[in-house]
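Asks: Sequence and predicted model, in that order:
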Amino acid sequence: MQSINPTPTQTNALPANPLALNDIHVPEQITSYPIAYGWWLLALLLLLIIIIVVIKINKTAKRNQVKKQALIQLKNNSAMDNNELISLLKWAAMHYFSRVELAKLYGDSLQQFLLKKLPEKHQANFSQLSEQAFNNQYQAHFHNEVDTSFQQAALLWLNQALPPKKVIKTKQKNTGSNQNQQSQGIST
């Protein structure tokens with residue numbers, strides 16, 4: 001008879017501790033790439049909005065550049081006489097309105113042009129402050145006079161009239177033609 005000798009080197013033997021657990025294996029890290037299409041579209045939309053805002057800010061700054069220069073010149077030189085103030089207003093207006101139309105204006109016609117470019121609520125004030133300066137523009141004894149009321153009028157005009165507001169001309173034309181048709185008895 002042979003004796004059976006249990007040896008731990010047998011291959012099909014049970015482990016010494018059947019409750020022993022194996023080490024926990026962490027799965028591979030999940031990457032967030034490639035990013036979903038919605039995030040790419042959102043990033044593109046934000047970039048587009050930023051570009052549009054920067055362009056609008058630059059346009060506004062460029063549009064207000066002449067106005068700012070005129071205001072700085074007016075504030076830094078408080079001893080400007082009436083002719084210099086009129087020249088400053090005309091110079092600023094030429095950058096925003098038709099040069100051909102504005103170059104030939106002087107005196108009352110220039111005052112009326114400047115008056116028309118102001119909002120209605122400021123027209124009476126500007127007219128009152130600037131009337132004396134435009135009336136005395138070509139008189140010798142008022143030539144080099146410093147007029148504080150005209151300086152206030154110039155400041156008012158530069159702040160309120162520049163840059164000009166965009167007016168929709170087609171809407172005004174349609175409103176005018178509808179009023180003419182109604183006054184003639186034509187119904188639309």
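Replies: That came in fine, so what should we check first? Treat the numbers as computed from the prediction; the structure is a model and nothing was measured.
Asks: Would you indicate which residues of the host helix or strand of residue 155 are buried?
Replies: Assigned by DSSP states H and E, residue 155 falls within helix 148-161. For helix 148-161, a neighbour-count test (16 or more other Cβ atoms under 10 Å) marks 150-151, 153-158, 161 as buried. For the C-beta atoms, the positions are set from N, CA and C on the backbone; glycine is no exception.
Asks: Need those in CSV (columns: distance to residue 117 and pLDDT).
Replies: CSV is the format used below for these (distance: Cβ to Cβ, whole Å; pLDDT from 0 to 100):
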residue, distance to residue 117, pLDDT
150, 17, 84
151, 18, 87
153, 13, 88
154, 13, 88
155, 15, 89
156, 12, 89
157, 8, 87
158, 11, 90
161, 4, 87
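Asks: circling back to that earlier point, got the CA positions of the helix holding residue 155 in CSV?
Replies: Below are the C-alpha coordinates for helix 148-161, written out as CSV (Å, rounded to 0.1, in the frame of the first residue of the first chain):
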residue,chain,number,x,y,z
THR,A,148,-19.8,132.1,-22.1
SER,A,149,-23.4,131.5,-23.2
PHE,A,150,-22.2,130.6,-26.7
GLN,A,151,-19.6,128.2,-25.1
GLN,A,152,-22.5,126.5,-23.3
ALA,A,153,-24.4,126.4,-26.6
ALA,A,154,-21.4,124.8,-28.3
LEU,A,155,-21.1,122.3,-25.5
LEU,A,156,-24.8,121.5,-25.7
TRP,A,157,-24.6,121.0,-29.5
LEU,A,158,-21.5,118.8,-29.4
ASN,A,159,-23.0,116.6,-26.7
GLN,A,160,-26.5,116.3,-28.1
ALA,A,161,-26.2,116.4,-31.9
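Asks: for it, packing partners?
Replies: Packed against helix 148-161, as judged by 3 or more Cβ pairs under 8 Å, 6 or more residues apart in numbering; DSSP states H and E, are the following elements: helix 65-76, helix 82-96, helix 107-117, helix 120-135.
Asks: chain center to that helix: distance?
Replies: 23 Å (Cα atoms, centre = their mean, to the nearest Å).
Asks: ok, and what's touching that helix?
Replies: 67, 70-71, 74, 78, 80, 82, 85, 88-89, 92-93, 114, 117-119, 122, 125-126, 129-130, 132-133 (Cβ atoms under 8 Å, 6 or more residues apart in numbering).
Asks: circling back to that earlier point, looking at the buried residues of helix 148-161, which is nearest residue 52?
Replies: Minimum distance to residue 52 across the buried residues of helix 148-161 is 27.8 Å, recorded for residue 161 (Cβ to Cβ).
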